[in-house]
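A.B. asks: Would you be able to build a 3D model of this:
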Amino acid sequence: MDDPVSPFRPLPQDHPDCIVECRACKWRWTVYQQQIGLPLRCPVCGSADRQVYVGTMGVGSGRQVAFSSFRILLDDRRVLTMIETWLTLRHVGGEQFVDAADRNVPLADIHHAIQGRAEWQGALYNVYMNRVR
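C.D. replies: Next comes the predicted model:
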């Protein structure tokens with residue numbers, strides 16, 4: 001959060017749950033509610049603009065997949081295909097994904113992007129539940 005573009009400092013009780021989309025590359029990520037309307041630097045392309053507010057994460061839907069569980073699912077080809085299709089990323093092995101410009105995309109950002117869309121969250125949750133049952 002130490003970005004000169006957005007000097008916002010969250011309080012310990014704050015949680016990022018608002019989804020924004022980069023105007024330049026269309027990447028989606030979560031931010032704190034207090035950051036909506038501020039110029040934010042895109043974690044993928046670096047564009048520093050007022051990003052587009054898309055909505056709020058489906059917290060409380062009961063369909064969240066924890067980050068640790070998400071990492072385990074990366075050995076499932078269905079999950080890799082979901083990530084590649086939904087986020088237009090390429091899997092380069094292990095926990096590494098790159099965008100169209102071959103820039104690394106952090107796995108935590110991928111997880112947040114999936115958890116930020118109800119239909120993606122539900123599809124990932126179904127894969128996870130089929131695996132643990």
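
A.B. asks: how distant is the helix ranked longest in the chain from the center of its chain?
C.D. replies: Once the chain is assigned using DSSP state H, the helix that runs over the most residues is helix 118-132. Offset of helix 118-132 from its chain centre (Cα atoms, centre = their mean, to the nearest Å): 15 Å.

A.B. asks: can you check stretch 108-119 too?
C.D. replies: Distance, stretch centre to chain centre, for stretch 108-119: 4 Å (Cα atoms, centre = their mean).

A.B. asks: low-confidence ranges in this protein?
C.D. replies: Applying pLDDT under 70 to the chain flags residues 1-8, 12-14, 57-62.

A.B. asks: where along this structure do the strands fall?
C.D. replies: Secondary structure of the chain by DSSP state E: the strands cover 18-21, 28-31, 39-41, 48-50, 52-56, 90-93, 96-98, 104-105.

A.B. asks: any chance of these in JSON lines, plus mean neighbour count?
C.D. replies: The way it works is simple: take the backbone N, C-alpha and C, and place the C-beta from them, glycine included. Formatted as JSON lines, the strands of the chain follow (neighbours: other Cβ atoms under 10 Å):
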{"stretch": "strand 18-21", "mean neighbour count": "21"}
{"stretch": "strand 28-31", "mean neighbour count": "22"}
{"stretch": "strand 39-41", "mean neighbour count": "17"}
{"stretch": "strand 48-50", "mean neighbour count": "13"}
{"stretch": "strand 52-56", "mean neighbour count": "13"}
{"stretch": "strand 90-93", "mean neighbour count": "12"}
{"stretch": "strand 96-98", "mean neighbour count": "16"}
{"stretch": "strand 104-105", "mean neighbour count": "15"}
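
A.B. asks: Can you lay out these as CSV showing distance to residue 74?
C.D. replies: As requested, the strands of the chain are arranged in CSV below (distance: least, Cβ to Cβ, whole Å):
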stretch, distance to residue 74
strand 18-21, 22
strand 28-31, 19
strand 39-41, 27
strand 48-50, 31
strand 52-56, 25
strand 90-93, 8
strand 96-98, 9
strand 104-105, 13
